[in-house]
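Visitor: sequence and predicted structure below; questions after.
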Protein chains: 4
Amino acid sequence: MNKYITELIGTLFLVMGAILGGAVGASLALMIMVYAGGHVSGAHYNPAVTLSVWMRGKIEMKEAVMYWVFQFVGALIAALIVMYVFSNEGSGECKVTEGWGTKAIIAELMGTFAWAYVVLNVATAKGTSGNSFYGIAIGGTVLAMATALGSFSGGAFNPAVAIGLAMQHSFCWDHVWVYFVGPLGGGALAAIVFSFINPDDK
Amino acid sequence: MNKYITELIGTLFLVMGAILGGAVGASLALMIMVYAGGHVSGAHYNPAVTLSVWMRGKIEMKEAVMYWVFQFVGALIAALIVMYVFSNEGSGECKVTEGWGTKAIIAELMGTFAWAYVVLNVATAKGTSGNSFYGIAIGGTVLAMATALGSFSGGAFNPAVAIGLAMQHSFCWDHVWVYFVGPLGGGALAAIVFSFINPDDK
Amino acid sequence: MNKYITELIGTLFLVMGAILGGAVGASLALMIMVYAGGHVSGAHYNPAVTLSVWMRGKIEMKEAVMYWVFQFVGALIAALIVMYVFSNEGSGECKVTEGWGTKAIIAELMGTFAWAYVVLNVATAKGTSGNSFYGIAIGGTVLAMATALGSFSGGAFNPAVAIGLAMQHSFCWDHVWVYFVGPLGGGALAAIVFSFINPDDK
Amino acid sequence: MNKYITELIGTLFLVMGAILGGAVGASLALMIMVYAGGHVSGAHYNPAVTLSVWMRGKIEMKEAVMYWVFQFVGALIAALIVMYVFSNEGSGECKVTEGWGTKAIIAELMGTFAWAYVVLNVATAKGTSGNSFYGIAIGGTVLAMATALGSFSGGAFNPAVAIGLAMQHSFCWDHVWVYFVGPLGGGALAAIVFSFINPDDK
């Protein structure tokens, strides 16, 4: 249970940081929560990362499902706090420009590929065990990807963040599927690439 | 005595950074002073963090009281230097908007919860001992929380910072209680949550 | 082959970060990819760094050539994704001001000297082995050099980045030679200086 | 000799970063050069820091004098490159406001106290030996102090930087003494305070 509460707290602050502090707020919140919770739960705070870690064989299916549940609950609590305590609510309108769908899915796939690729290499690989940089690397990935790709998709790279932002009406519900397809695809691809470049690390 | 002087110096630079450099100045000042003083005093620089560390059993009550005294003295010296050397003084007016009190208390509680939760996990937990990231994590927490929550409460997350800012008239005295109730509540909550997610770490 | 794929992925994200996220995007992308790939390939992502590491004797010529090939392929793929997925294309015009050539070559030489000097000292030297700061140091170098020197040359410090930006028409082809002469000269100089200041580190 | 060349290179990039990249450029240049050169020379790049390290007993007087010489030479070379290669030159006028002198000296003293206090604690103390954070802590100190105090004195915190900026006419020669009195005083004070808070660390 302590792992699940850690995932809930980390995802809550990540989503609150994303809504109230934008890309910088989200990246910093992720970094600090990775450092605070990594030794307890592994500090995924992202269902796509949990998928990737499960494919890499470092978490069991049963536990992964519980991680997903608590990540989404953390995102929902963040959305409720932002709306009802801090009176901050989006318009919920779908902003679509020409070719939005393709750009958004590929941006989310690439950004989440980077997120999961970094997590697998800095937090689960033999070659980097015992390092002190994993939080900076993971938080820095979200800031890097939001800086480069955020304008194409909104830069969630995380289905739980997308659900939180849709609840709070910063994202529109009709687009939420994009943030499942792109990130889960990116997370799965990262697990495959990780196995290829780390052949001796089972 | 060397621990107390370390707390005084760190809090002095934190408060000076907050007044003259805003959220970025405060976060950077905290980070560097955590790295400079952590090996001497644990580098709290915040009465709410000291409360949290005392509840977690890593500092004795008698010493905690001395930490508080020197943290407040450091904040006062910072306020005096800013006012009388650098001629920087606030208006001292209370700026209140609708629902300010509730938002401010919850913002301070959540921000200080994060600060103390990060300190307990990165600077007192068995699972992260010997790491090099504690200063970045703690300084990053203040920047993350100030980015996300600063607009609701002013973003002190620290009773000593609040006293320093009230002395220098950036905060108004009538509101200072908010920065005791919120931060001390957040620090206490962090100690309870820490015990729950680290059951084997006494 | 796993090393080459790692170089390709890292250079791809570096070039994509440079085009879509500017100096901050490029620096962050470099930092995260250095942390993700350092334990596999050494994380050069720059033909001039590979030259420097080869001169220092930490990579064989045959492997260095393969690194170069995959770095350029990564840059090309990034340019194609940016152009054809994200519809972002430069004008391809050569912007030349008085004395541009001399300033640009020296800026590129000094910036790449710093990049390679930092890599050799933080990622290949005995005196810093086992550190956790190499990604911050290397990513920070590109941000430092782009901040100080970017206005004189565009701030590539990397022939593969220059080829990617020329493909995508942010740089003009007539100037690409500048980004070979300056960076390769800077990388070679760094290897010589490294040997001088680390006489016992063969 | 390798130590002196390392000091020259580091100070050269620090001064170039300060002139061409402001507080952020200087701080980043310092961070990367501390990481690149720390294992060779200790990476002072500042005569006031060298004074402080000498008082703490970690460098001999004869060597300290050589450090000073090479730090000033590095600063001069940086000024010449900036002026004659990059055509960047200040007006050399003395900008003085009411009470400038007192504010500037105290700002320089406090900023350099922080710089040397951090260096002594993170790069020479037993309690932090083997850490990976020293470059972030030292570079972060310059950014923190420039953010908080830069507006009062120009934020050199370093006599060599002041000489470089005076050469290049960003600072005026009549004020250069301020950047010797303040920083050398701050460095000396840091050595005294360090001894007090680390009584067992000779």
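Guide: On my side now, so go ahead.

Visitor: which SS class is the closest residue to chain D within chain A?
Guide: Going by C-beta to the nearest C-beta, chain D is nearest to A:Ser132 of chain A, at 5.5 Å. Heads up, the C-betas are built off the backbone N, CA and C, glycines and all. Classification of A:Ser132 by DSSP: H, G, I helix; E, B strand; the rest coil places it in coil.

Visitor: what's in contact with stretch A:56-69?
Guide: Applying C-beta atoms under 8 Å, 6 or more residues apart in numbering or on different chains, the contact partners of stretch A:56-69 are A:3-4, A:7, A:41-42, A:44, A:47, A:50-51, A:53-54, A:120, A:124, A:191, A:194-195, A:202.

Visitor: what does chain A have sitting close to chain C?
Guide: Residues of chain A lying close to chain C by C-beta under 8 Å from any C-beta of the partner chain are A:99, A:102-103, A:106-107, A:110, A:114, A:117-118, A:121-122, A:125, A:127-128, A:131-134, A:136-137, A:140-141, A:143-144, A:147-149, A:152, A:193, A:196-199.

Visitor: drop anything exposed from those.
Guide: A:103, A:106-107, A:110, A:114, A:117-118, A:121-122, A:125, A:128, A:131-134, A:136-137, A:140-141, A:143-144, A:147-149, A:152, A:193, A:197-198 (16 or more other C-beta atoms under 10 Å in any protein chain shown).

Visitor: so which of those residues are also by chain B?
Guide: Checking these against chain B (C-beta under 8 Å from any C-beta), the matches are A:132-133, A:136.

Visitor: for those residues, which one is nearest chain B?
Guide: Chain B lies nearest to A:Ser132 out of those, by C-beta to the nearest C-beta, at 3.9 Å.

Visitor: where's the closest one relative to C:Leu120, distance?
Guide: 22 Å (C-beta to C-beta, to the nearest Å).

Visitor: the helix or strand A:Gly25 falls within packs against which elements?
Guide: Per DSSP states H and E: A:Gly25 is located in helix A:2-41. The contact analysis (3 or more C-beta pairs under 8 Å, 6 or more residues apart in numbering or on different chains; DSSP states H and E) places helix A:2-41 against helix A:61-84, helix A:134-153, helix A:159-167, helix B:100-123, helix B:134-153, helix B:178-197.

Visitor: measure how the fourth one sits relative to helix B:178-197, angle-wise.
Guide: Here the directions of helix B:100-123 and helix B:178-197 differ by 40 degrees (axes from the mean of the first three to the mean of the last three C-alpha atoms, to 10 degrees).

Visitor: centre of the chain to helix B:100-123, how far?
Guide: 9 Å (C-alpha atoms, centre = their mean, to the nearest Å).

Visitor: CA atoms of that helix as CSV?
Guide: Extracted in CSV, the C-alpha atoms of helix B:100-123 (Å, rounded to 0.1, in the frame of the first residue of the first chain):
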residue,chain,number,x,y,z
TRP,B,100,-7.8,34.6,0.0
GLY,B,101,-7.6,33.0,3.5
THR,B,102,-8.7,29.5,2.5
LYS,B,103,-6.6,29.5,-0.7
ALA,B,104,-3.5,30.9,1.1
ILE,B,105,-3.7,28.4,4.0
ILE,B,106,-4.2,25.4,1.7
ALA,B,107,-1.4,26.6,-0.7
GLU,B,108,1.0,27.0,2.3
LEU,B,109,0.0,23.7,3.7
MET,B,110,0.5,21.9,0.4
GLY,B,111,3.7,23.6,-0.5
THR,B,112,5.2,23.0,2.9
PHE,B,113,4.0,19.4,2.9
ALA,B,114,6.0,19.0,-0.3
TRP,B,115,9.1,20.7,1.2
ALA,B,116,9.1,18.5,4.3
TYR,B,117,8.1,15.3,2.4
VAL,B,118,11.1,15.9,0.1
VAL,B,119,13.5,16.7,3.0
LEU,B,120,12.4,13.6,5.0
ASN,B,121,12.8,11.3,2.0
VAL,B,122,16.0,12.7,0.5
ALA,B,123,17.9,13.8,3.6
